[in-house]
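Undergrad: what's the 3D shape of this:
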Amino acid sequence: MLNRFSLMFALVFFASSSAWADKNEVAIEAFREAGAGSYIDASYGYAVFPSIGKIGLLVGGAQGKGMVYQEGKPIGKATMTQVSLGFQFGGQVYKQIIFFEDARSMREFTSGNFEFSGQAAAIALNSGASAELSTGGGGRTSVTAANGEITEVDSSGFYKGMAVFTLSQGGFMVEVSLGGQKFSYEPL
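TA: Predicted coordinates:
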């Protein structure tokens, strides 16, 4: 009896672990297909959140769990929480990915508790979007990947060494912002 219970526990544990990894890989592939592939390939690292739920009616909140990658390999888990006040109505579910331009920006994110300021903005992608990510201002920047390779990407998305992209999964929300997003990090 105990052996059957142990076997069932092990199967559930490994199945849920692989399902979690699969959700992250599916989200990364969705961002690649939406036009963020050059960031995925060139960035020092990134944090992907395959599903963030957000709801609001004057007071709002959002929460999601994700994985942090360096050189395409998972190095830790991250949790995002957000509380907001002001004009907002509705609910939505979206994916989010944060790219780190260099080691400094990745250290800042993984140092414990990180929070986006009110000036941070995300580039919203559609699953059918082209690779043109510029939101104005143009220009390109060199990104040094964790493996030391230097690649140029569109600089319009980087703010203080980080670029944030979102993909809507559904819902309707009058208000989308990064201000107040808080992240916790736990190394693997």
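
Undergrad: contacts, neighbours, all on C-alpha from now
TA: Will do.

Undergrad: in this structure, where is pLDDT below threshold?
TA: The chain contains residues with pLDDT under 70 at 1-21, 117-121, 126-157, 171-179.

Undergrad: tell me, which strand in this structure spans the most residues?
TA: In the chain, assigned by DSSP state E, the strand with the most residues is strand 73-100.

Undergrad: elements contacting it?
TA: strand 45-70, strand 162-174, strand 182-187 (3 or more C-alpha pairs under 8 Å, 6 or more residues apart in numbering; DSSP states H and E).

Undergrad: tabulate these in a markdown table, adding columns for distance to Met106 and mean neighbour count.
TA: Formatted as a markdown table, the helices and strands packed on strand 73-100 follow (distance: least, C-alpha to C-alpha, whole Å; neighbours: other C-alpha atoms under 10 Å):
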| stretch | distance to Met106 | mean neighbour count |
| --- | --- | --- |
| strand 45-70 | 7 | 21 |
| strand 162-174 | 8 | 17 |
| strand 182-187 | 11 | 17 |
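
Undergrad: can you list the ones you listed in JSON lines and add distance to Gly37?
TA: JSON lines is the format used below for those (distance: least, C-alpha to C-alpha, whole Å):
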{"stretch": "strand 45-70", "distance to Gly37": "12"}
{"stretch": "strand 162-174", "distance to Gly37": "11"}
{"stretch": "strand 182-187", "distance to Gly37": "24"}
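
Undergrad: does Ala78 touch Ser184 like I think?
TA: Yes - using C-alpha atoms under 8 Å, Ala78 is in contact with Ser184, at 5.5 Å.

Undergrad: if we can go back for a sec, just the angle for the longest strand of the chain relative to strand 182-187, thanks.
TA: For strand 73-100 against strand 182-187, the angle by axes from the mean of the first three to the mean of the last three C-alpha atoms, to 10 degrees is 150 degrees.

Undergrad: what lines up beside strand 73-100 in the sheet?
TA: strand 45-70 (antiparallel), strand 162-174 (antiparallel), strand 182-187 (antiparallel) (DSSP bridges).

Undergrad: end to end, how far does stretch 66-82 reach?
TA: Its start and end residues considered, stretch 66-82 measures 15 Å (C-alpha to C-alpha, to the nearest Å).

Undergrad: ok, and what's touching it?
TA: 24, 44-50, 60-65, 145-147, 180-188 (C-alpha atoms under 8 Å, 6 or more residues apart in numbering).

Undergrad: Leu188: neighbouring residues, count only.
TA: Neighbour count for Leu188, taken as other C-alpha atoms under 10 Å: 9.

Undergrad: any idea how far Val59 is from it?
TA: Counting by C-alpha to C-alpha, the gap from Leu188 to Val59 is 34 Å.
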